[in-house]
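*Asks:* Need a 3D model of the following:
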Amino acid sequence: MRHRVRRRALGLALGCCALAGTLAGCAGQEASGTPAQQVTTYMTQGGGGSGIGNVEVDSRNVALALAQHNQPAAIREVCALLSNDAQTAIGNLPTPDLQLTDALNTAYEEATAAGDDCYHGAGGDARLLAQSAAERAKLVTLLDAAVQIVTQVTGQTPTTDTTVPPSGTGDPFAGGN
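*Replies:* Here you go, the predicted structure:
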């Protein structure tokens, strides 16, 4: 009886080791290399730079739609886009760096709140529109802080363009310092 228990325990232990090895082999590229390499890979392939850029552009588009006194339906459209892009960006978290993950999560939550308040205030609720404006102003600072973390970790300033980087190489730091 003891031999069966030992065999089962040994079999279970070997199975767990095999599963752990398999899962480790499935880790994304951002899970290997130096911290700088991991963050660079995240910015390139994890949606980091484009996520930041999309939220920045969406926030500016909300401000523009409001400044131009667009129809409520048009304002709601850009506000919903801000919320949706922020939620998509949250779905690309975590990053390989805990501090960066926290900074981006905070920024994207603020963007979601700004988009939601804008959407619900688009019919003329001045209080919600003012709240959205304050959240969007705070968002700029939060995104800047996240970009600073990337710069500290990698030694380069990332681009947050939502299109292919200027060099066409897929380098998220093309044109950065």
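*Asks:* and the top helix by length along the chain, what other elements does it pack with?
*Replies:* When the chain is parsed with DSSP state H, its longest helix is helix 126-154. Helix 126-154 sits against helix 35-45, helix 48-67, helix 98-121, with contacts defined as 3 or more C-beta pairs under 8 Å, 6 or more residues apart in numbering; DSSP states H and E. Any C-beta I mention is one placed from the backbone N, CA and C, and that applies to glycine too.
*Asks:* Go through the second one and flag the buried ones.
*Replies:* Meaning helix 48-67. Across helix 48-67, burial judged by 16 or more other C-beta atoms under 10 Å covers 48-59, 61-63, 65-66.
*Asks:* Mind checking the pLDDT average for the following helix or strand past it?
*Replies:* Remark: after helix 48-67, the chain's next helix or strand is helix 72-91, criterion DSSP states H and E. Averaged across helix 72-91, the pLDDT comes to 97.
*Asks:* May I ask which helix or strand of the protein has the lowest mean pLDDT?
*Replies:* Least confident helix or strand of the chain, by mean pLDDT, DSSP states H and E, is helix 2-25 with a mean of 46.
*Asks:* Now do the contacts for residue 87.
*Replies:* Going by C-beta atoms under 8 Å, 6 or more residues apart in numbering, residue 87 touches 108, 112.
*Asks:* Report the separation between it and residue 50.
*Replies:* From residue 87 over to residue 50 the distance is 15 Å, taken as C-beta to C-beta, to the nearest Å.
*Asks:* which regions of the chain sit below the pLDDT cut-off?
*Replies:* Applying pLDDT under 70 to the chain flags residues 1-31, 162-177.
*Asks:* Please name the nearest non-neighbouring residue to the residue nearest to the spatial centre of it.
*Replies:* The residue lying closest to the centre of the chain (C-alpha atoms, centre = their mean) is residue 89, at 3.7 Å. The shortest distance from residue 89 to any non-neighbouring residue, by C-beta to C-beta, 6 or more residues apart in numbering, is to residue 51 (3.5 Å).
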